[in-house]
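Peer 1: Just the structure for this:
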Amino acid sequence: MRDKKELRQVIQSYTNEPYKTALSKLIKSSIRLKTNGKSGVKLGDTKLGGLPDLPKKLSWPKNNFDNLPFSFLGQVNLKEVNRFDEM
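Peer 2: This next block holds a predicted model:
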């Protein structure tokens, strides 16, 4: 769904009460991240996968089960997504 209005229309068209009211209350804004296929992301930029940008003295945490590093999913530079904040 691209926007809240479209999602509300789908809920109204394809669900019954009490689900219409309950689902409509759950609608929240979100930000979708998409990859652009470019490599060479600058330090601190938003990125998915790869390695995290950490200070040299900080090590990536490991799990207590087998002492392997946690998976890194991505990092978000909040200055880059600030313009999408609805507050």
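
Peer 1: what about the lengthiest helix in the chain, distance to the chain center?
Peer 2: The longest helix of the chain (DSSP state H) is helix 4-14. The chain centroid and the centroid of helix 4-14 are separated by 22 Å, computed with CA atoms, centre = their mean, to the nearest Å.

Peer 1: Contacts for the helix or strand just after that helix, please.
Peer 2: For helix 4-14, the following helix or strand on the C-terminal side (DSSP states H and E) is helix 19-25. By CB atoms under 8 Å, 6 or more residues apart in numbering, the surrounding residues in contact with helix 19-25 are Arg8, Ile11, Gln12, Thr15. C-beta: built from backbone N, CA, C; applies to glycine.

Peer 1: now, which of the residues you listed sits nearest Ile31?
Peer 2: Arg8 (19.2 Å; CB to CB).

Peer 1: how many other residues sit next to the residue nearest to the closest one when sequence neighbours are not counted?
Peer 2: Spatial nearest neighbour of Arg8, excluding adjacent residues (CB to CB, 6 or more residues apart in numbering): Ser24 at 6.1 Å. Ser24 has 14 neighbours, counted by other CB atoms under 10 Å.

Peer 1: Could you check how far Ser24 is from Asn16?
Peer 2: 13 Å (CB to CB, to the nearest Å).

Peer 1: same thing with Gly74?
Peer 2: Per CB to CB, Gly74 is found 38 Å from Asn16.

Peer 1: Then Asp85?
Peer 2: Distance from Asp85 to Asn16, by CB to CB: 34 Å.
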